[in-house]
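Engineer: Predicted structure and sequence below. I'll ask about it afterward.
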Amino acid sequence: MTHAPHPTNAPDVKAEVRRAVASLAIKALDAGSTTSDLSIDEELNLHSIGWEPVQLVSGFSVFSTPAGLWNWGQGEIVAAGEAHEQAFKHAIKRIHSEAAMAGGHGVVGVHVERRVYSTHVEISLLGTAIRPVGAKEVDASTVFVTDLSARDFTMLMVAGWQPLGLATGASFVYAPRRTVGTVLQQQSQNVELKNFTEAMYSARETAMERMQSDALALKGSGVVEVKLIEGPMSFAAHAVGFAVWGTVVRLAKDSHQLVRPTMVVSLNDVVETFDPSALA
Amino acid sequence: MTSPSDLPEAAVRRLRDGAFSSGLSVSDFAACLELGLEPVGLVQGFCAMQQGTYSMGGLSRSLSPFGGTPGGYVQNYQCPHGMVAGEHRMWGQNYQQTWVENAWVEGFTSSYSRMLEEATQLGAHGVVGVVDTVSRLTDANVTEFHLWGTAVKVLDTPAPTSAPWSTYLAGQRLAKVFEAGYVPVSIVAAVSSIRVWAYCVTEYLMEGMGLWSNSTAPTEIEQIVSAMSHVRSTVRTSARDQLHGDALHGADLQLGEREFEKGDLEVEAVLRGNRIRRYKDFDPLPVPTPTVRLS
């Protein structure tokens, strides 16, 4: 059996490392002290389409809701939905302006932390501002904020689409009280609790509609990577909440660019008999 | 602690003789050798810091607000109700707890320099796969800092003449950093701590608007927003100040919060990452080819 020779153009990694380490003795050029929470893979992904990280950016907001808001009532708990919407919008506005000030043309990989308490709603966003390599000018009106990872952003751009911003929607609805008679009647039956089902449908419709109107306001044609949180509130079991958010996108080119994946077959054994990392 | 003589005698003896030790997994160890980095020892640094109490916890609300630390962020809030009562919070204040930050930085820096000192003793060029833990010891005000990593020598290069470089990365991820045209300089860690003394408006808003609010519409809690925004921007500025023109890569921001009473908070942010320097231009990269794995 003969072995194929190593490709002659393969980089000599050891020589690269020696060269890299030797360069530490030379004074660094000021590259602008960029900060980012991206991995090296994500940075290389961005670089392949001509983008680079600029700065770690964040946005925070907390909105108070009226006392007694979650007590029994009927229909939507309007103030809770408003607080959620306002907190999201203010946090987005802040991360957007931090990105624009840092010279970013957009923010990718935004982590969304959301906390809903009985008395206030808190939204915290953290992501990395990015720009086309070496770009100087920023048009603040076109800075986008997306929770897509750098990898997904790369694929989206390659496919001819662009992210426009985050769209959100939330609604909180009381599940109407059943009458005492109904409770007694249903006690020993397998029965659907329509009050809860209907409350959930009502919250879903309102929240989705709000997200859609955000998307239309950004002149988008759709929302991708929609995240969804739903269920009874931990502090008020008779109320249900439904919250969604995602990235608004639209075609940047004339038509969708087909990204045809290459099929690969791994030649590794299907059954792994030894995992070296288990020794760590 | 900067001179090698500070190391315990037993440590000096152990580092001088015998087999190497390393915290690397087998696959990271293999990747290290592939890069021409030879592990020479598992190096560590400890520091237990007691944080001086500033007796702020006992400050009565009837006194004037604390004036803040020179150079730190301070913001004052005044009750708009014109009411004087023992339980009514007439003033509020956000301030940066620079003494808390200083204790943290001193603890981290000491254990970091102790780890580097061991690496220097071994003649290492760098420390890879650094792990750091910061934990509270039994006493409330005592924090233990522990850093460890694997000291490496770069094969076929002269002995080091400066302090070792360091990175949280190891294995394939470190290899990709070099291949992308970066060289690790050091790990970077920064901290920011802000104390929030809520004034009446913040207290009521955190409890749900009621008695003292003129509106039933959702209202933003400005004092908390200001503290939360500052803790994030301060920690970023502090990390950037350590970069000297290099880049911070793979940053990890940890946020902590303690609530003493409604709106009375202590918020803390810790930002860690790898300071890296570009040593050559990016090689042009083709657009990645998506693949589907058939299994």
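Structural biologist: Cool, got the structure. Everything quoted here is computed from the prediction, not taken from an experiment. Numbering: from 1, shown residues only, chains lettered A, B, ... in the order given.

Engineer: Please determine how far the closest residue to B:Asp6 other than its chain neighbours is located from chain A.
Structural biologist: Spatially, and ignoring its direct neighbours in sequence, B:Asp6 is nearest to B:Glu117 (6.8 Å; CB to CB, 6 or more residues apart in numbering or on different chains). Any C-beta I mention is one placed from the backbone N, CA and C, and that applies to glycine too. From B:Glu117 across to chain A, the span is 19 Å (CB to the nearest CB, to the nearest Å).

Engineer: How many residues are close by B:Glu117?
Structural biologist: The burial count assigned to B:Glu117 is 21, neighbours taken as other CB atoms under 10 Å in any protein chain shown.

Engineer: where does it fall, helix, sheet strand or coil?
Structural biologist: helix (DSSP: H, G, I helix; E, B strand; the rest coil).

Engineer: Per-residue pLDDT of it, please?
Structural biologist: You'll see B:Glu117 listed with a pLDDT of 95.

Engineer: Hmm, it is touching B:Val12, no?
Structural biologist: No. Between B:Glu117 and B:Val12 there is no contact under CB atoms under 8 Å: 10.4 Å.

Engineer: for chain A, longest strand please?
Structural biologist: Longest strand in chain A, counting residues (DSSP state E): strand A:236-251.

Engineer: pLDDT of that one, averaged?
Structural biologist: The pLDDT scores in strand A:236-251 average 95.

Engineer: quick one, strands of chain B?
Structural biologist: Using DSSP E, strands in chain B cover B:37-50, B:74-78, B:91-96, B:126-136, B:142-154, B:165-166, B:182-197, B:219-220, B:247-261, B:264-278, B:291-294.

Engineer: between the lowest-mean-pLDDT helix or strand in chain B and strand B:142-154, how many degrees?
Structural biologist: Ranking every helix and strand in chain B by mean pLDDT, DSSP states H and E puts helix B:9-16 at the bottom, with a mean of 72. Per axes from the mean of the first three to the mean of the last three CA atoms, to 10 degrees, the angle that helix B:9-16 makes with strand B:142-154 is 20 degrees.

Engineer: Briefly note if stretch A:101-111 comes near chain B.
Structural biologist: No. Applying CB under 8 Å from any CB of the partner chain, one finds stretch A:101-111 separated from chain B by no less than 9.0 Å.

Engineer: one step back: quick one: the longest strand of chain A to chain centroid distance?
Structural biologist: With CA atoms, centre = their mean, to the nearest Å as the basis, strand A:236-251 stands 12 Å off its chain's centre.

Engineer: what's the answer for stretch B:131-147, then?
Structural biologist: Stretch B:131-147 has its C-alpha centroid displaced from the chain centroid by 13 Å (CA atoms, centre = their mean).

Engineer: and that stretch, is it in reach of chain A?
Structural biologist: No. Using CB under 8 Å from any CB, we find that stretch B:131-147 stays clear of chain A, coming within 11.8 Å at best.

Engineer: average pLDDT for stretch A:166-184?
Structural biologist: Rounded mean pLDDT across stretch A:166-184 is 91.

Engineer: which residues of the stretch 1-150 of chain A score low on pLDDT?
Structural biologist: A:1-10 (pLDDT under 70).

Engineer: Helices of that one, residue ranges please.
Structural biologist: Listed in chain order, the helices of the stretch 1-150 of chain A (DSSP state H, counting those that start in this stretch) span A:13-22, A:40-48, A:78-101, A:150-158.

Engineer: Is A:Gln162 in a helix, a strand, or coil?
Structural biologist: Strictly by three-state DSSP, A:Gln162 counts as strand.

Engineer: how near is A:Glu16 to chain B?
Structural biologist: 6 Å.

Engineer: Apart from its neighbours in sequence, what residue is nearest that residue?
Structural biologist: Using CB to CB, 6+ apart, the closest residue to A:Glu16 is B:Phe178 (5.6 Å).

Engineer: how many other residues sit next to A:Glu82?
Structural biologist: By other CB under 10 Å, the residues close to A:Glu82 number 16.

Engineer: oh, I was asking about B:Glu38
Structural biologist: Neighbours around B:Glu38, by other CB under 10 Å: 15.

Engineer: B:Trp91 now?
Structural biologist: Neighbours of B:Trp91 under the rule other CB under 10 Å: 18.

Engineer: So what sits opposite it in the bridge?
Structural biologist: B:Gln78 (DSSP bridges).

Engineer: picking that back up, please identify the most buried of the strands of chain B.
Structural biologist: strand B:165-166 (a mean of 26; mean count of other CB atoms under 10 Å in any protein chain shown).

Engineer: does that strand come close to chain A?
Structural biologist: Yes. Contact of strand B:165-166 with chain A (CB under 8 Å from any CB) involves B:Trp165.

Engineer: what's the spacing between that strand and its chain's center?
Structural biologist: Worked out by CA atoms, centre = their mean, strand B:165-166 lies 16 Å from the chain centre.

Engineer: how close does A:Val78 sit to chain B?
Structural biologist: 10 Å.

Engineer: just to revisit the earlier point, helices or strands up against the least confident helix or strand of chain B?
Structural biologist: Where contact means 3 or more CB pairs under 8 Å, 6 or more residues apart in numbering or on different chains; DSSP states H and E, helix B:9-16 is packed against helix B:98-121.

Engineer: buried sites along the helix it packs on?
Structural biologist: Within helix B:98-121, the residues scored as buried using 16 or more other CB atoms under 10 Å in any protein chain shown are B:98-105, B:107-108, B:110-121.
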